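S.K.: coordinates only, sequence not included:
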């Protein structure tokens with residue numbers, strides 16, 4: 001594996017964690033929304049990741065096809081956890097039976113998810129920086 005592939009790998013990792021951070025932020029911002037029906041109630045969303053095998057570019061003219069592994073976002077799925085149902089007949093959004101529906105978002109879980117995504121993003125930045133420093137040091141070897 002070429003050291004240059006490290007940038008591709010860490011870049012896909014940062015992109016995936018960015019999707020994770022945005023999804024988590026959306027969950028937290030909708031945690032206190034209220035609806036009058038189950039169908040219209042916000043449901044927690046979570047990204048699904050998978051390792052992706054990518055062929056290295058063949059622009060060098062070599063017949064050897066190297067490969068590197070990156071992260072691919074397969075999609076974003078809605079949580080199937082049950083919604084929070086509360087009896088509150090005086091609420092303006094209550095249905096005909098007096099129930100209001102709240103999202104299935106656990107704010108504590110989402111905050112832990114956000115911290116984890118942030119640290120994973122930071123780790124990918126550090127990996128790219130270390131690769132950059134190694135490449136710089138390699139170029140300096142020829143000067144001595």
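M.R.: Looks like it arrived, so ask away. In this text, all values refer to a predicted model and were calculated from it rather than measured experimentally. Numbering: from 1, shown residues only.

S.K.: Okay, helices next: where are they in the chain?
M.R.: 5-29, 107-141 (DSSP state H).

S.K.: nearest to residue 72, of the ones you listed?
M.R.: Go through these one by one with C-beta to C-beta and the one that ends up closest to residue 72 is helix 5-29, at 7.2 Å. Backbone N, C-alpha and C define where each C-beta goes, glycine included.

S.K.: OK, contacts around the residue most central in space within the chain?
M.R.: When the chain is reduced to its mean C-alpha position, the nearest residue by C-alpha atoms, centre = their mean turns out to be residue 20, at 2.0 Å. Residues in contact with residue 20 (C-beta atoms under 8 Å, 6 or more residues apart in numbering) are 47, 113, 117, 120.

S.K.: again with residue 71
M.R.: When contacts are counted by C-beta under 8 Å, 6+ apart, residue 71 touches 9, 12, 13, 15, 16, 49, 50, 51, 52.

S.K.: let's see it at 7 Å
M.R.: Residue 71 sits next to 12, 13, 16, 49, 51, 52 when contact means C-beta atoms under 7 Å, 6 or more residues apart in numbering.

S.K.: closest to residue 140 among those?
M.R.: If you rank the contacts of residue 71 by distance to residue 140 using C-beta to C-beta, residue 13 comes first, at 27.6 Å.

S.K.: Quick check: closest non-adjacent residue to the closest one.
M.R.: Excluding the flanking residues, the one nearest residue 13 by C-beta to C-beta, 6 or more residues apart in numbering is residue 124, at 4.1 Å.

S.K.: How many neighbouring residues does that neighbour have?
M.R.: Neighbourhood size, residue 124 [other C-beta atoms under 10 Å]: 20.

S.K.: Tell me the predicted confidence for it.
M.R.: pLDDT recorded at residue 124 is 95.
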